[in-house]
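Trainee: below is the sequence, then the predicted model.
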2 protein chains.
Amino acid sequence: MKLATYKDGTRDGQLVVVAKDLSQAHYASGIASRLQQVLDDWNFLAPQLQDLYDTLNQGKARHAFPFDPRMCMAPLPRAYQWADGSAYINHVELVRASRHAKVPDSYYTDPLMYQGGSDDFLGPTDDVVCVSEDHGIDFEAELAVITGDVPMGTDADAALDGIRLLMLANDVSLRHLIPDELAKGFGFFQSKPATAFGPVAVTPDELGEAWQHGRVHLTVQSTWNGRKVGMCEAGPEMTFHFGQLIAHICKTRNVRAGSIVGSGTISNKGIDNGGQKEWPKGYSCIAEKRAIETILDGQPSTAYMKFNDTIRIEIKGLDGQSVFGAIDQKIAPLA
Amino acid sequence: MKLATYKDGTRDGQLVVVAKDLSQAHYASGIASRLQQVLDDWNFLAPQLQDLYDTLNQGKARHAFPFDPRMCMAPLPRAYQWADGSAYINHVELVRASRHAKVPDSYYTDPLMYQGGSDDFLGPTDDVVCVSEDHGIDFEAELAVITGDVPMGTDADAALDGIRLLMLANDVSLRHLIPDELAKGFGFFQSKPATAFGPVAVTPDELGEAWQHGRVHLTVQSTWNGRKVGMCEAGPEMTFHFGQLIAHICKTRNVRAGSIVGSGTISNKGIDNGGQKEWPKGYSCIAEKRAIETILDGQPSTAYMKFNDTIRIEIKGLDGQSVFGAIDQKIAPLA
């Protein structure tokens, strides 16, 4: 099923069930008003939402209305955890290669993850409000899962059973603030402003054959200022699957219902075209494009985002239809 | 006023108002059932809770009952943000001096903070469940504040107005997991299991003269296995006050109601006693004791905590009474 959260002036919004083709929606009132409520009591509430979803898809839901992604908050407008991985090692390899640094061996066995802020997420069409263009504003197209309760010590395969929903994410980064912040060793704060999520969260069965053991075998499209810059494959090159990312977090602590776990920037290896290295699938964040330029030309030529720039991120399913709806945001200055 | 959350089998517990002397409590039902609800709508709900608090202190509350800290969850059993600082630079200086490293100059002007997990906090008497004694189990006695909404770009002084409540915290650390984790540069995950909080959260006015411009001028007592090991002054040596810590977080993003911001281990400078360096106030975490031993003797002699060890953390107010109640926990193995 597909779930979204409609803006209603409150902090948590109103839960709606959305039709498979994203054409219609229906308030979940009578079942649950907020998505966190459903995650807290999944086994009881999810089947009721599934019934409403089936009825909606059959065109028989009584109070259906046209679905409008502009009405959406993030499916979870605030969450108790946002743990983001860097699960596509190719991204790390590219960024490091551009500064002649090697990837430590441990990175291939031990996922790189950071704890992000989860008190203030953005909806799919909300402006990305930034203090300054000088901060190096970048998008990052990612996939994310929302978990149920996963007890301390759960292994990677068992952790897959803890995945309730999948989402699309734009993990906005302020690139020029990252080096100083990471040099302090305690992770990110100022270099990671609010993350945005796609209009609907979907259960794994919505992906059909594209969902394989914790990986999504679909293409992520990133369109920057109307120009398609990325058509990256999310599946085969995901070094750590979502079960491995969850297991990393719950090694010494419980992961509780409503935790969001992200994949990190989706990234594909380049190919060798007659001695010339090329990246035909493009990029899911500008930092990666700049790393490629640095490897090829000795320096980056693509600038980061400016105010009024737009970024659109979307994934089409095996049936050609949009799975999550599109993230479609504009960069805006702090008023 | 003083607020606590009673265990009732749900994830968020039941909000209770607690008398100033911690003797009696009263369910806040009719006003609010959960603390997050109050933080979401503070200006409307806090005065109603204050009225109940006043009535309770006058011995006139109709359904008062004896307050039992063992019934308490963390005041916020789960939160949308847990941002912990390292605001006592002396702690950083000691730990670095023990390994002959200097503190970078920027540490005196730019707070060191990490984003912690906030989906699964411990109550004041809950066991600290650990996977292994070999992880180097340590307590950390800290103060923390809970904020209201603080908009992006708020400065340090204005951020003080965003402080709603204060708490006592035990930010458990797994010391032997820290070096490898921090070397990756993305901050903590496995080395920071669930944090515990003291029984009651209090409004700043409860501290009277001890609350001065974002600092708490009181003594934090830490008792390990029944032996008092720390009597540390929380006020004068707090390098960054709570307003500065909040301003650090909200430089590029909004901080939303219910965010918890911690001080980091409370730490006091040593004194020179006739050419001999001494630390008469003791320590608020074992890592600091071991750093002192390393500075004095070339190596640490105090081991980290074992299963069944106990840790008690408490702060007495200017009137000699316990402000927050005591954190009183036992280390336990994962079942």
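Mentor: Looks like it arrived, so ask away.

Trainee: alongside chain B, which residues does the stretch 1-150 of chain A contribute?
Mentor: Residues of the stretch 1-150 of chain A lying close to chain B by CB under 8 Å from any CB of the partner chain are A:11, A:40, A:78-81, A:83, A:86, A:106-107, A:110, A:112-120, A:129-131, A:135. C-beta coordinates here come from the backbone N, C-alpha and C atoms, glycine included.

Trainee: in helices, which of those appear?
Mentor: residue A:40 (DSSP state H).

Trainee: now list the buried members of the residues of the stretch 1-150 of chain A next to chain B.
Mentor: Buried by 16 or more other CB atoms under 10 Å in any protein chain shown: A:11, A:40, A:78-81, A:83, A:86, A:107, A:110, A:112-120, A:129-131, A:135, out of the residues of the stretch 1-150 of chain A next to chain B.

Trainee: show me what the closest residue in space to residue A:84 that isn't next to it in sequence is bridged to.
Mentor: Counting by CB to CB, 6 or more residues apart in numbering or on different chains, residue A:84 lies nearest to residue A:262, which is 3.8 Å off, once chain neighbours are set aside. Taking DSSP bridges, one obtains residue A:84, residue A:144 as the residues bridged to residue A:262.

Trainee: wait, residue A:262 touches residue A:88, no?
Mentor: No. Look at residue A:262 against residue A:88 with CB atoms under 8 Å: they stay out of range, at 11.3 Å.

Trainee: quick check, the residue in the stretch 151-300 of chain A closest to chain B?
Mentor: residue A:187 (2.3 Å; CB to the nearest CB).

Trainee: list the contacts of the residue nearest to that residue when sequence neighbours are not counted.
Mentor: Distances taken as CB to CB, 6+ apart place residue B:187 nearest to residue A:187, at 2.3 Å, with adjacent residues excluded. Residue B:187 makes contacts with A:114, A:115, A:185, A:186, A:187, A:188, B:114, B:115, B:181, as judged by CB atoms under 8 Å, 6 or more residues apart in numbering or on different chains.

Trainee: how confident was the prediction at the fifth one?
Mentor: In this case it means residue A:187. Note for residue A:187: predicted pLDDT of 92.

Trainee: please settle this for me: is residue A:247 part of a helix?
Mentor: Yes. Counting by DSSP: H, G, I helix; E, B strand; the rest coil, one finds residue A:247 located in a helix.

Trainee: tell me how many other residues crowd the spatially closest residue to it that is not a sequence neighbour.
Mentor: Leaving aside its chain neighbours, residue A:247 sits nearest to residue A:156 (4.2 Å; criterion: CB to CB, 6+ apart). If you count neighbours by other CB atoms under 10 Å in any protein chain shown, residue A:156 ends up with 18.

Trainee: check which helix or strand residue A:3 maps to.
Mentor: Element membership of residue A:3 [criterion: DSSP states H and E] is strand A:2-6.

Trainee: using PDB, write out every CA atom in that strand.
Mentor: In PDB, the C-alpha atoms belonging to strand A:2-6 read as follows (Å, rounded to 0.1, in the frame of the first residue of the first chain):
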ATOM      1  CA  LYS A   2       0.900   3.700  -0.300                       C
ATOM      2  CA  LEU A   3       0.600   6.200   2.500                       C
ATOM      3  CA  ALA A   4       1.100   9.900   2.700                       C
ATOM      4  CA  THR A   5       0.600  12.700   5.300                       C
ATOM      5  CA  TYR A   6      -1.500  15.700   4.300                       C
END
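
Trainee: what's that strand in contact with?
Mentor: A:12-20, A:22, A:25, A:27-28, A:34-35, A:38, A:49, A:53, A:67, A:71-77, A:165, A:199-203, A:206, A:325.

Trainee: inside helices: which ones of those residues?
Mentor: A:35, A:38, A:49, A:53.

Trainee: any idea how far the first one lies from chain B?
Mentor: Here the criterion is CB to the nearest CB, to the nearest Å. By it, residue A:35 lies 14 Å from chain B.

Trainee: most neighbours among the ones in helices among the contacts of strand A:2-6, please name it.
Mentor: residue A:35 (29 neighbours).

Trainee: wait, residue A:16 touches residue A:29, no?
Mentor: No. Contact status for residue A:16 versus residue A:29: not in contact, 9.2 Å apart, counting by CB under 8 Å.

Trainee: of those two, who's got more company?
Mentor: Remark: of residue A:16 and residue A:29, residue A:16 carries more neighbours, 25 against 11, as counted by other CB under 10 Å.

Trainee: before we move on, the earlier item: now distance to residue B:266 too, for the contacts of residue B:187, in a markdown table please.
Mentor: As requested, the contacts of residue B:187 are exported to a markdown table (distance: CB to CB, whole Å):
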| residue | distance to residue B:266 |
| --- | --- |
| A:114 | 26 |
| A:115 | 23 |
| A:185 | 21 |
| A:186 | 18 |
| A:187 | 22 |
| A:188 | 25 |
| B:114 | 17 |
| B:115 | 21 |
| B:181 | 23 |
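
Trainee: name the nearest of these relative to residue A:333.
Mentor: residue A:188 (21.8 Å; CB to CB).

Trainee: excluding its backbone neighbours, what's nearest the closest one?
Mentor: residue A:114 (5.5 Å).

Trainee: quick one: contacts for the one you found?
Mentor: Going by CB under 8 Å, 6+ apart, the list of residues near residue A:114 reads A:83, A:84, A:187, A:188, A:192, B:115, B:186, B:187.

Trainee: also residue A:126?
Mentor: Per CB under 8 Å, 6+ apart, neighbours of residue A:126: A:196, A:329.

Trainee: and the residue sitting nearest the centre point of chain A, backbone torsions?
Mentor: Nearest to the mean C-alpha position of chain A, by CA atoms, centre = their mean, lies residue A:169 at 2.5 Å. Dihedral angles of residue A:169 (phi, psi; degrees, to the nearest 10) stand at phi -140, psi 150.

Trainee: try residue A:328
Mentor: phi -150, psi 90.

Trainee: what distance do you get for residue A:90 to residue A:334?
Mentor: According to CB to CB, to the nearest Å, residue A:90 and residue A:334 sit 34 Å apart.

Trainee: which of these two has more neighbours?
Mentor: Under the criterion of other CB under 10 Å, the comparison of residue A:90 against residue A:334 puts residue A:90 first, with 20 against 11.

Trainee: next, the buried residues of the helix or strand containing the more buried one.
Mentor: If you go by DSSP H and E, residue A:90 is part of helix A:89-98. Judged by neighbour count (16+ other CB under 10 Å), helix A:89-98 contains these buried residues: A:89, A:90, A:91, A:92, A:93, A:94, A:95, A:98.

Trainee: closest to chain B out of those?
Mentor: Looking across the buried residues of helix A:89-98 and measuring by CB to the nearest CB, the closest to chain B is residue A:92, at 10.6 Å.

Trainee: that closest one: what's it in contact with?
Mentor: A:86, A:103, A:107, A:112.

Trainee: how about the residues you listed, which pair is most distant?
Mentor: A:86 and A:103 (10.8 Å).

Trainee: on the three-state scheme, residue A:146 is what?
Mentor: Reduced to three states by three-state DSSP, residue A:146 is strand.
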